[in-house]
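> What follows is a protein structure lacking sequence information:
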């Protein structure tokens with residue numbers, strides 16, 4: 001059990017640490033099987049995984065992401081602009097492998113058990129698969145970087161995905177030199193991690209939780 005908590009706490013959103021070495025096929029299969037074993041609403045398994053290795057496709061996506069990053073940066077000023085400038089989005093080409101995770105809402109038929117009241121339950125299932133992939137990759141010594149500076153229509157067209165399939169994530173995956181002790185966004189001062197007590201409620205929203213475990217929450221209680 002300690003190994004599980006260790007993997008959870010070591011998981012990082014990787015950027016500059018990729019070595020460029022290829023992912024072993026057996027390792028990649030284990031990671032993808034772990035993702036495919038995720039829980040899903042109504043056993044719909046609404047995910048797809050597109051493995052992208054083509055240098056041309058990687059470069060095209062990298063250029064798109066760089067342009068979107070500049071659009072976001074143009075809206076910043078002062079300290080926020082200076083801090084964001086230190087945060088890089090390398091990894092798309094450097095990792096050598098992109099895993100694009102898609103959500104197919106038609107998977108499982110028109111009546112998915114458990115989705116009638118919460119339409120986004122299928123999307124949540126896909127995110128569970130991504131987390132499984134991320135943790136298993138960490139256990140295998142791989143880094144994962146979730147790229148979010150992209151337009152969904154661009155990525156859908158780039159990979160020839162059907163119009164009803166939503167591209168949820170581009171994950172840069174590959175061997176890394178190391179994993180940083182502190183997440184980049186925290187290390188560069190973009191955001192600080194909140195304590196558990198700041199997001200914990202008892203019985204009703206806004207009510208405190210009483211118990212000895214809460215008192216152990218503090219700055220050292222972080223991945």
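Now that the structure is in, tell me what you want to look at. Since we're looking at a predicted model, the values are computed, not measured. Numbers count the residues shown, from 1 in each chain.
> lowest-confidence helix or strand of this protein?
Of all helical and strand segments in the chain, the minimum by mean pLDDT, DSSP states H and E falls on helix 184-187, at a mean of 63.
> Tell me which residue is most central in this structure.
Centroid-nearest residue in the chain: residue 146, 4.2 Å away (criterion: Cα atoms, centre = their mean).
> hmm, who's touching the helix or strand it falls within?
Using DSSP states H and E, residue 146 maps to strand 142-147. Contact with strand 142-147 is made by 11-15, 17-18, 23, 27, 31, 61, 65, 89, 91-92, 95, 130, 133-134, 137-138, 169-176, 179, as judged by Cβ atoms under 8 Å, 6 or more residues apart in numbering. Backbone N, C-alpha and C define where each C-beta goes, glycine included.
> how about a cut-off of 7 Å?
13-15, 17-18, 23, 65, 89, 91-92, 134, 137, 169-176, 179 (Cβ atoms under 7 Å, 6 or more residues apart in numbering).
> Those in helices, which ones?
Mapping the contacts of strand 142-147 onto helices (DSSP state H) picks out 65, 92, 134, 137.
> Please enumerate the strands of this protein.
47-52, 98-103, 142-147, 166-175 (DSSP state E).
> of all those strands, which lies closest to residue 69?
With distances scored as Cβ to Cβ, the stretch of these nearest to residue 69 is strand 142-147 (10.0 Å).
> Quick one: distance of the closest one to the chain centre.
Its chain's C-alpha centre and that of strand 142-147 lie 7 Å apart, by Cα atoms, centre = their mean, to the nearest Å.
> what sits opposite residue 48 in the beta ladder?
On the basis of DSSP bridges, residue 48 takes part in beta bridges with residue 102.
> residues contacting it?
Contact analysis of residue 48 by Cβ under 7 Å, 6+ apart lists 102, 104, 165.
> By neighbours, which of these wins?
Ranked by the number of neighbours (other Cβ atoms under 10 Å), these place residue 102 first, at 21 neighbours.
> so what's it up against?
Counting by Cβ under 7 Å, 6+ apart, residue 102 touches 47, 48, 50, 161, 165, 166, 167, 168.
> Next, work out how far apart the residue nearest to the centre of the chain and residue 133 are.
In this structure, residue 146 and residue 133 are 10 Å apart, going by Cβ to Cβ, to the nearest Å.
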